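Undergrad: no letters, just coordinates:
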């Protein structure tokens, strides 16, 4: 089974323009992400999917593999699907966001192994413990799973409603996905669905169309970079790691 990791890296960002090339220590962020992903032992190929020549050139300069994609994609899924359509050798795609320079390769490997162990699996993702202070934060997406480890629902609201004390709190969704290649191509062509549009959560499209999303869990909590403050915090972490 050929498993590849695709890292979407869009240059434009409202809160942090040029984010993929923002420096973390002496390396651009996209290189930090690429190097972390490359530590995964279940991955055979890493590709950066970008809409900007500057990002493409930066990846090639540090010896990585990149592909230019159309600039008019509405979602990251559409960008992934463009890459998947041209790389027929790939069986499974792991999607890691280009603003996760501290991503743990062990979590990537765990998600990849789900597809190796269950050939019928079409889509998977990751959840981590939800902190109580995140209960009412819309940016902390919640996911509840059934006893088979599959997602029942994702929401920006707290779910399930705690009329009584939680028997099992929801998980915080980590935006890493795995897809069977053909499923990804089909998924990208599906029309947006009501809950997806209401919550602004694209993964609900799969659930509303009756597909299963496997959720693996980790105790790791990742630090994404969305703002200049996030970038400062990650730089401080890397200064400690590199010391």
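TA: Structure received. Please read these numbers as outputs of a predicted model, since none were measured by experiment.
Undergrad: tell me where this structure has helices.
TA: Remark: helices assigned in the chain by DSSP state H are 29-37, 53-61, 76-86, 105-117, 181-189, 194-199, 204-208, 228-242.
Undergrad: between those helices, which one is nearest to residue 47?
TA: helix 76-86 (6.1 Å; CB to CB). Backbone N, C-alpha and C define where each C-beta goes, glycine included.
Undergrad: just the helices of the chain: most buried one?
TA: helix 29-37 (a mean of 23; mean count of other CB atoms under 10 Å).
Undergrad: so it versus helix 53-61, what angle?
TA: Angle between the axes of helix 29-37 and helix 53-61 is 40 degrees (criterion: axes from the mean of the first three to the mean of the last three CA atoms, to 10 degrees).
Undergrad: need the contact partners of helix 29-37.
TA: For helix 29-37, the surrounding residues in contact (CB atoms under 8 Å, 6 or more residues apart in numbering) are 5, 7, 9, 19-24, 27, 43, 46, 48, 55, 58-59, 62, 64, 96-105, 108, 225, 231, 238.
Undergrad: mean confidence for it?
TA: Helix 29-37 comes out with an average pLDDT of 94.
Undergrad: ok, now stretch 99-113?
TA: So the average pLDDT for stretch 99-113 ends up being 93.
Undergrad: what does stretch 74-84 give?
TA: 88.
Undergrad: can you list phi and psi of residue 158 for me?
TA: For residue 158, the backbone dihedrals are phi -80, psi 120 (criterion: degrees, to the nearest 10).
Undergrad: the closest residue to it other than its chain neighbours: neighbouring residues, count only.
TA: Among residues not flanking residue 158 along the chain, residue 135 sits closest, at 5.0 Å (CB to CB, 6 or more residues apart in numbering). For residue 135, the tally of surrounding residues (other CB atoms under 10 Å) stands at 15.
Undergrad: what does residue 135 show for phi and psi?
TA: phi -50, psi -40.
Undergrad: look up how far residue 168 lies from it.
TA: 14 Å (CB to CB, to the nearest Å).
Undergrad: ditto for residue 153
TA: 14 Å.
Undergrad: picking up where we left off before, now the helices of the chain in TSV, with distance to residue 163?
TA: Converted to TSV, the helices of the chain look like this (distance: least, CB to CB, whole Å):
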stretch	distance to residue 163
helix 29-37	41
helix 53-61	48
helix 76-86	35
helix 105-117	33
helix 181-189	34
helix 194-199	21
helix 204-208	23
helix 228-242	35
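Undergrad: who wins for proximity to residue 141 among those helices?
TA: Here helix 194-199 is closest among the helices of the chain (CB to CB), at 8.4 Å.
Undergrad: could you list every helix and strand in contact with that closest one?
TA: The elements that helix 194-199 packs onto, with contact taken as 3 or more CB pairs under 8 Å, 6 or more residues apart in numbering; DSSP states H and E, are helix 204-208.
Undergrad: got the angle for the helix or strand of the chain with the lowest mean pLDDT vs helix 29-37?
TA: Lowest by mean pLDDT, DSSP states H and E among the helices and strands of the chain is helix 228-242, with a mean of 82. With the same axes, to 10 degrees applied, the angle from helix 228-242 to helix 29-37 works out at 50 degrees.
Undergrad: you'd agree residue 109 is up against residue 5?
TA: No: in terms of CB atoms under 8 Å, residue 109 does not count as a neighbour of residue 5; the distance is 10.6 Å.
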